[in-house]
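Chemist: sequence and computational prediction follow.
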Amino acid sequence: MGIWIRNASVIKDGNELEKKHVLVEDGKISRIIETDGGSADLTGHEVVEADGKLLTAGLIDMHVHLREPGFEHKETIATGTRSAARGGFTTIACMPNTRPVIDTVETVKYVLDKAQTEGVVRVLPYGCITKNELGRELTDFEALKEAGVIGFTDDGVGVQSAQMMKDAMAKAASIGLPVIAHCEDNTLVEGAAVTEGAFAKKHGLKGIPNESEAIHVGRDILLAEATGVHYHVCHVSTEQSVRLIRQAKQIGIKVTAEVCPHHLLLSDEDIPGVDDANWKMNPPLRTPRDVQACIEGLVDGTLDMVVTDHAPHSAEEKARGLMLAPFGIVGFETAFPLLYTKFVATGQWTLQFLVDRMTKTPAEVFGLPWGRLAEGAAADLTLIDLETEKAVDPEEFASKGRNTPFTGWKLKGWPTLTMVEGKTVWSE
Ligand SMILES: NC(=O)N[C@@H](CC(=O)O)C(=O)O
Ligand SMILES: [Zn+2]
Ligand SMILES: [Zn+2]
């Protein structure tokens, strides 16, 4: 028995939609047909009435924190994948800064097993570049690849030694996996919680300068050129990083990059005060000029994809105030509505542009077989209501994390049903 998704709006081109009936069988999309042809034989099939809602390939998020093992009070694979499903995501790539970190075959297996038994969406793990993310000794790249990691990263912390990064890139290149970099030079950061900019100045705070990120981006681009690795830059937040990546792409260096919704929508000038740590993340909210540069970078293809950097923390941890709370905000359950409402509904981007950056481009960049709405493709699907306006209410999140700066924002574009390989994993 299959499932007919009836009267779905699918993207034809740009903002142009067309009505289709989509048949899902054996975990795959078996047919996509015109709604006026009348040839949809419903006999023996379940029906999901899409009622004109947008149907896209399931969203893909290449940068998320599921916190398991070790930080189950912040999130678990069970709650994190449900949060992803509620946000319309069907494939997510999880960062290894857990406890223990994902630097051994055993921990990779633990995460994959948990994802299989307790998760509801597809989970692709990254492995650490260095043991314990300490920057001192490379992990066993071959063994981690064999266990199932899709790339190497020490996300949460930058690899401080250029030699260590060069060795990592050479090794990763030799086994055909990418290096994914959290770009941050520790000597330029020391104890600061917000960017250098108007907010830091007003409150007499030491700021995190743009160079702390861009120095690593520049260094790593040169190392990527030297080693030939696929180098992917995490959560780009500065004008300088965008410029460096743009130039590197122009001369053919194999660099790709991601950007988060918050770095496209918020600047340091939006931070309400020093008590509210829901505005604290790494990299920090930058200046309006950087926000503009990130938007331009995404639009011109310098930045390839949107990721959430979903980084849940407990309410107790986040209550410690801007200076003392951990960095990070949740992202799954607001990402699509935020970008849809602020960039597509306002006419700045087409719907196809946004959907592609959350499906097609991440799949292409990481060589994944998902992210396409086509006959024969996996039935990873998301239905999205583009009409109903609703305010962001963290109490409704499936995530354990409530740490978002977007509380109360009135948005459209809420996912209403998420399917992974033909199985409904979340519906409104
Ligand atoms: N982004 C964050 O602010 N925090 C992340 C770490 C990271 O992505 O660097 C976390 O693990 O909490
Ligand atoms: Zn990071
Ligand atoms: Zn991260």
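Modeler: Perfect, I can see it now. Numbers count the residues shown, from 1 in each chain. Ligands and ions are numbered 1, 2, ... in the order given.

Chemist: point me to the residue of the stretch 101-250 of the chain nearest ligand 2.
Modeler: H182 (3.5 Å; C-beta to the ion). To be clear about C-beta, it is placed using only N, CA and C from the backbone, and glycine gets the same treatment.

Chemist: so that residue sits against Q160, correct?
Modeler: No: using C-beta atoms under 8 Å, H182 is not in contact with Q160; the gap is 11.2 Å.

Chemist: quick one, which of the two is more surrounded?
Modeler: Higher neighbour count among H182 and Q160: H182, with 24 against 17, using other C-beta atoms under 10 Å.

Chemist: residue contacts, the more buried one?
Modeler: 153-158, 234-235 (C-beta atoms under 8 Å, 6 or more residues apart in numbering).

Chemist: can you narrow those to ones near ligand 1?
Modeler: When contact is defined as C-beta under 6 Å from any ligand atom, the contacts of H182 meet ligand 1 at 155-156.

Chemist: pLDDT, secondary structure and distance to H21 added to the contacts of H182, as a markdown table?
Modeler: Below are those laid out as a markdown table (pLDDT from 0 to 100; DSSP: H, G, I helix; E, B strand; the rest coil; distance: C-beta to C-beta, whole Å):
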| residue | pLDDT | secondary structure | distance to H21 |
| --- | --- | --- | --- |
| T153 | 99 | coil | 41 |
| D154 | 99 | coil | 46 |
| D155 | 98 | coil | 41 |
| G156 | 98 | coil | 45 |
| V157 | 98 | coil | 49 |
| G158 | 98 | coil | 49 |
| C234 | 99 | coil | 40 |
| H235 | 98 | coil | 39 |
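
Chemist: how much space between D290 and A277?
Modeler: 21 Å (C-beta to C-beta, to the nearest Å).

Chemist: neighbours of the residue of the stretch 301-428 of the chain found nearest ligand 2, how many?
Modeler: Using C-beta to the ion, D309 is the residue of the stretch 301-428 of the chain that sits closest to ligand 2, at 6.7 Å. Using other C-beta under 10 Å, D309 is surrounded by 29 other residues.

Chemist: and for T187?
Modeler: Count around T187 with other C-beta under 10 Å applied: 8.

Chemist: K410 too?
Modeler: Counted with other C-beta under 10 Å, the neighbours of K410 add up to 10.

Chemist: what's it in contact with, if anything?
Modeler: 341, 389-391.

Chemist: kindly report the residues of the protein close to ligand 1.
Modeler: 65, 97, 155-156, 182, 281-282, 309, 311, 326-328.

Chemist: and the residues you listed, which are buried?
Modeler: 65, 97, 155-156, 182, 281-282, 309, 311, 326, 328 (16 or more other C-beta atoms under 10 Å).

Chemist: TSV for those residues, including secondary structure and distance to T361?
Modeler: Formatted as TSV, those follow (DSSP: H, G, I helix; E, B strand; the rest coil; distance: C-beta to C-beta, whole Å):
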residue	secondary structure	distance to T361
H65	coil	21
N97	coil	25
D155	coil	20
G156	coil	24
H182	coil	20
M281	coil	23
N282	coil	24
D309	coil	17
A311	coil	22
P326	coil	30
G328	coil	24
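
Chemist: nearest to T56 among the residues you listed?
Modeler: T56 lies nearest to D309 out of those, by C-beta to C-beta, at 21.2 Å.

Chemist: quick one, what contacts the closest one?
Modeler: Here D309 is in contact with 63-65, 234-235, 260, 281, 328-329, 331 (criterion: C-beta under 8 Å, 6+ apart).

Chemist: thought H263 was touching R286?
Modeler: Yes: if you go by C-beta under 8 Å, H263 and R286 touch, sitting 6.9 Å apart.

Chemist: quick one: which of the contacts of K410 is most hemmed in?
Modeler: Counting neighbours by other C-beta under 10 Å, the top entry in these is T341, with 20 neighbours.

Chemist: quick check: that residue is in a helix.
Modeler: Yes: according to DSSP: H, G, I helix; E, B strand; the rest coil, the state of T341 is that of a helix.

Chemist: gap between it and ligand 1?
Modeler: 23 Å (C-beta to the nearest ligand atom, to the nearest Å).

Chemist: gap between N210 and G331?
Modeler: 22 Å.

Chemist: likewise D154?
Modeler: D154 is 20 Å from G331, by C-beta to C-beta.

Chemist: cool, K20 as well?
Modeler: 30 Å.

Chemist: so which of those two has more stuff around it?
Modeler: G331 (32 against 21).

Chemist: what are the phi and psi angles of the residue nearest to the more buried one when sequence neighbours are not counted?
Modeler: Computed as C-beta to C-beta, 6 or more residues apart in numbering, the closest residue to G331 that is not its neighbour in sequence is T308, at 2.8 Å. When read as degrees, to the nearest 10, the backbone of T308 gives phi -90, psi -30.

Chemist: contact partners for T308?
Modeler: Per C-beta under 8 Å, 6+ apart, neighbours of T308: 61, 63-64, 87, 260-261, 330-332, 335.

Chemist: just N7 next, same as before
Modeler: 19, 21, 35, 49-52.

Chemist: among the contacts of T308, which ones are in helices?
Modeler: Taking DSSP state H, the ones among the contacts of T308 that sit in helices are 261, 335.

Chemist: where does this structure dip in pLDDT?
Modeler: Along the chain, the model assigns pLDDT under 70 to residues 37-40.

Chemist: so for stretch 368-385, what gets flagged as buried?
Modeler: Buried, per 16+ other C-beta under 10 Å, within stretch 368-385: 368, 370-373, 377-385.

Chemist: from the middle of its chain, how far away would it be?
Modeler: Chain-centre distance of stretch 368-385: 17 Å, with C-alpha atoms, centre = their mean, to the nearest Å.

Chemist: check the separation of the first and last residues in it.
Modeler: Taking C-alpha to C-alpha, to the nearest Å as the measure, stretch 368-385 stretches 27 Å from start to finish.

Chemist: what parts of the protein come near ligand 2?
Modeler: Contact residues, the chain versus ligand 2 (C-beta under 5 Å from the ion): 155, 182, 234.
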